[in-house]
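Student: Here is a sequence with its predicted model. Questions after.
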Amino acid sequence: MARLSEDRAQFAIAAVLRYGSLASTLIMALGLVLILLHRPSALPPLSSPTPIGALLTRALRVDPPAVAELGLLLLLLTPILRIVVAATTFGLERDHKYMFIALGVLAVVMLSIGFAMG
């Protein structure tokens, strides 16, 4: 595998954070605009978290609350993707020590999410 320069690795990690937060902000804003265009009083009350499959289905049907919720989900997934990109770049650089540290951080984050959800 080709070795990545440190600058390219940092650029990849920064791009994930930059574009992930930009995309999530735009999707949340679209959801908010759609909510405001509909009568907010006609919207269903907030309920428990929606399963991801159902959320994607509702968002593809342009259900305003689901679009906003999808933006929030993307915002929450952005740092996780950053850890995955960091572990990958460390692996490509053959820097196994930091690759395993990044994978350990990813495991802790995923376990924390798992415990929080159920």
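Tutor: That came through, no problem.

Student: does the residue positioned nearest the centre of the chain sit in a helix or strand, and which one?
Tutor: Note on the chain: the residue nearest the mean C-alpha position is residue 77, at 2.0 Å, using Cα atoms, centre = their mean. If you go by DSSP states H and E, residue 77 is part of helix 64-92.

Student: again with residue 21
Tutor: Using DSSP H and E, residue 21 falls in helix 6-37.

Student: For that helix, buried residues please.
Tutor: Across helix 6-37, burial judged by 16 or more other Cβ atoms under 10 Å covers 9, 12, 13, 16, 20, 24, 27, 28, 30, 31, 34, 35. (C-beta placed from N, C-alpha, C; glycine too.)

Student: As a markdown table, the residues you listed with pLDDT would be great.
Tutor: A markdown table is the format used below for those (pLDDT from 0 to 100):
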| residue | pLDDT |
| --- | --- |
| 9 | 78 |
| 12 | 84 |
| 13 | 85 |
| 16 | 89 |
| 20 | 91 |
| 24 | 93 |
| 27 | 93 |
| 28 | 91 |
| 30 | 92 |
| 31 | 89 |
| 34 | 87 |
| 35 | 85 |
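
Student: if we take those residues, which one ends up nearest to residue 82?
Tutor: Residue 82 has its nearest neighbour among those in residue 16, at 5.0 Å by Cβ to Cβ.

Student: pretty sure the residue nearest to the centre of the chain is in contact with residue 21, am I right?
Tutor: No - the criterion here is Cβ atoms under 8 Å, and residue 77 misses it with residue 21 at 10.9 Å.

Student: just to revisit the earlier point, identify the residues contacting the residue nearest to the centre of the chain.
Tutor: By Cβ atoms under 8 Å, 6 or more residues apart in numbering, the contact set of residue 77 is residue 20.
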